[in-house]
Structure formats: C-alpha cells, structure tokens
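*Asks:* Provide a 3D model corresponding to the input given below.
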Amino acid sequence: MLWVILIIVLVLCVILPGAWVKYVMKKYSEPSDRYSAQGNGGELARHLLDRFDLTQVKVEETSTGDHYDPADKAVRLSTENYAGHSLTAITVAAHEVGHAIQDARGESLFQARIQLARVAFVGQKIAGVLLVAAPVVLVLTRAPQASALTLFIGVLSMALGTLVHLLTLPVEFDASFGKALPMLREGNYLQDGDLEHAEKILKAAALTYVAGSLASLLNLGRWIAVFRT
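*Replies:* Below is the predicted model of the structure:
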C-alpha cells in the first residue's frame, strides 16, 4: 500500500507542474487584445533584440513551441504568442529574448547546457540501445556480469539527459527573472497592474522544464532500481 501511495505522489509531482504552467499561460492569454495598441509578441521580441544590439537574431513563428535556437540564432514563438497581443504573448516573448541575451553574453550555465545537451542527445540514443540490449546480451553470453555492465552503461548514458534537465532550471529562471522581468519593468512595457501577473507567467515559463526534470529523474530511478536487482 505504501508503494502505491508513493507512486501516486511521484506521478502527481510529474503531472501537476505541467498542468499549472498550462493553466497560467491560458489564463493570461485573455483578453487577447490587451496589448493591441503596443504591438504583438513578435514585434516586442524584435524591439528588445534590437535594443540589446542583437540585430543578427531572427524572430520567427513556429509550431514547435516557444524557444530560442542558439544554432540558428532565432527566437521562435508559437503562433498565439508571435501574433498575439495578450499579456502571455508579451511576457513569453521577453523570456525567450532573455535566452538570446544569455547566448550573446556567453553566460557559462547557458553554454554548459548547450554543450551537455549535444552530448546527452548522443547518450540518450546509446542508452536506448543498451537498455534494450542488456537482456539479449544475457541470453547470448550466459554471463550476468556482461548484461549488468551493458545495463550500467545504459543507465549512465541516460543520466546525461537528467543532468541536462537539472542544469536547465537555473538557466530558465535567469531568463525569466534575471533578464525578462527587468526588461519589462524598466522599459515600462506593461500596463498598470500587469507586472505581478507577468511574474506568474515568467515563473510558469521557467518551470516548463520541471515536469521533464522530474519525469527524467523518475525514469532514471526506475532503471537504477532494475540495475540493483
């Protein structure tokens, strides 16, 4: 019974952060025309980038979710935020510009995340192969040690992905509260009373990866438990 309760708690810890993020983003996407006089999210992103002399960074509409692409030097915003005039659109645009600033300044955590993400991508591919191969190795070699070694290397490869998720959190919080919030506050881009709500959106933007981090840790823990048995 205790294990059932523990599993339920862990599942809720993975699901609830993502659900809260979606709730906050949707809540402040209305009224959709709140910033129609000032411009949309894409226009604000372009303005902020130019203000920080990042004219080489593009602003693009995407269907794959709001993000900054350091390889293409592009701030990419979802359709609702790129063309939107809501508080969510304005605030998310500022958050993604925050990542462009981190990149331009060569900030250590941001650069470390990029490098580690590249290694982790390869590591995740290797992990997937090795975790599947472990029981096959046992059958073919009849050597439990060989199977255990294969599984161990696979778990270590998977741990790289978990490390990327954990390293992402301080990078995201800095983009929200070290970059975007000061820009919005000092530039007087927000209407009266919107700053405190923008802080909630920025927190949600920073916590987007929390669910992924928790899910990654949960999955890693599951494989470690398999390895120990």
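*Asks:* residue boundaries of the helices in this structure?
*Replies:* Ranges of helices in the chain, per DSSP state H, are 2-27, 41-51, 79-82, 87-105, 108-141, 144-173, 181-186, 195-206, 210-228.
*Asks:* mean pLDDT lowest for which of those helices?
*Replies:* With a mean of 58, helix 210-228 has the lowest mean pLDDT of the helices of the chain.
*Asks:* In stretch 184-202, which of the residues would be classed as buried?
*Replies:* Leu184, Tyr189, Leu190, Asp194, His197, Ala198, Glu199, Lys200, Ile201, Leu202 (16 or more other CB atoms under 10 Å). (Glycine included, C-beta is placed from N, CA and C.)
*Asks:* Could you work out the end-to-end span of it for me?
*Replies:* Stretch 184-202 has its terminal residues 11 Å apart, counting by CA to CA, to the nearest Å.
*Asks:* can you tell me which residues contact Val24?
*Replies:* Lys200, Ile201, Lys203, Ala204 (CB atoms under 8 Å, 6 or more residues apart in numbering).
*Asks:* Including distance to Gln102, could those residues go into a markdown table?
*Replies:* Shown next, in a markdown table, are those (distance: CB to CB, whole Å):
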| residue | distance to Gln102 |
| --- | --- |
| Lys200 | 22 |
| Ile201 | 19 |
| Lys203 | 18 |
| Ala204 | 19 |
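*Asks:* Widest-spaced pair of those?
*Replies:* Ile201 and Lys203 (7.3 Å; CB to CB).
*Asks:* Gly178 and His99 touch, don't they?
*Replies:* No. Counting by CB atoms under 8 Å, Gly178 sits too far from His99 to count as a contact (11.1 Å).
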